[in-house]
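[1] give me a 3D structure for the following:
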Amino acid sequence: MAYDRFVAICHPLHYTVIMNPRFCGLLLLASWLLSVLDALLHGLMALRLSFCTDLEISHFFCELNQVVQLACSDTFLNTLVIYFAAGLLGDISLSGILFSYMKIVSSILKISSAGDKYKAFSTCGSHFSMVSLFYGTVLGVYLSPAATQNSRSSAIASVMYTVVTPMLNPFIYTLRNKDIKQALGKLCG
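    Numbers count the residues shown, from 1 in each chain. As a prediction, the model looks like this:
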């Protein structure tokens, strides 16, 4: 989305050429492959752990860091891989997002019309709020030390990035559409 907004604002005349269906498919494929490889890496790393009997995870789903904490064997390598993968994948995607937003802001500041500036900022504002919510909760869950993790707050943060953020995306992106706003206004009275 950040790259899409970057192309739409910084190169509007070339948007359809740059963001063609083939390129969008490649972006989707790359995102999917990175996600699958990351999950495979952590799944294979979890297989090398041994677990004691009668353990219970206090989450509603198996969060990776909770599973690693329950292991009876040495978890140093698993913890190292978790931090390395989160740092690498997080840094690459976050730096791409921040770079595109720096370019977007510098392009918007060159616009002379206040109305056009507002339109450009409102286009990016919803995406930036979702990115902040997602990265804030993910960083809180995965990069906080195991000794300071509160099980309840960790579960709430996990719900935020796995359920709330994807659930809010359609609402936030469609509420920018004037037709949707008018229909919602008529529905609410």
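[2] how close does Leu94 sit to Thr16?
    28 Å (Cβ to Cβ, to the nearest Å). Every C-beta, even on glycine, is put in place using the N, C-alpha and C of the backbone.
[3] pick out the residue closest to the middle of this protein.
    Nearest to the mean C-alpha position of the chain, by Cα atoms, centre = their mean, lies Phe134 at 4.7 Å.
[4] got a list of what the closest residue in space to it that isn't next to it in sequence touches?
    The shortest distance from Phe134 to any non-neighbouring residue, by Cβ to Cβ, 6 or more residues apart in numbering, is to Thr165 (4.8 Å). Residues near Thr165 by Cβ atoms under 8 Å, 6 or more residues apart in numbering: 130, 133-134, 137.
[5] returning to what we had before: between Leu94 and Thr16, which one's more packed in?
    Counted by other Cβ atoms under 10 Å, Leu94 and Thr16 do not tie: Leu94 has more neighbours, with 14 against 9.
[6] so the more buried one sits against Phe134, correct?
    No: with contact defined as Cβ atoms under 8 Å, Leu94 does not count as touching Phe134 (10.3 Å).
[7] quick one: Leu55 and Ser153, what's the gap?
    21 Å.
[8] gap between Tyr83 and Met160?
    Distance of Tyr83 to Met160, given as Cβ to Cβ: 21 Å.
[9] so which of those two has more stuff around it?
    Higher neighbour count among Tyr83 and Met160: Met160, with 18 against 12, using other Cβ under 10 Å.
[10] burial measure for the residue lying closest to the more buried one once chain neighbours are set aside, as a count.
    Nearest residue to Met160, sequence neighbours excluded (Cβ to Cβ, 6+ apart): Thr137, at 4.2 Å. Counted with other Cβ under 10 Å, the neighbours of Thr137 add up to 20.
[11] next one: His127
    Number of residues near His127 (other Cβ under 10 Å) recorded here: 18.
[12] for it, which non-adjacent residue is spatially closest?
    Using Cβ to Cβ, 6+ apart and skipping the chain neighbours, the partner closest in space to His127 is Met1 (4.9 Å).
[13] contacting residues for Gly90?
    Contacts for Gly90 (Cβ under 8 Å, 6+ apart) come out as 135, 138-139.
[14] cool, and Arg5?
    100, 104, 123-124, 127.
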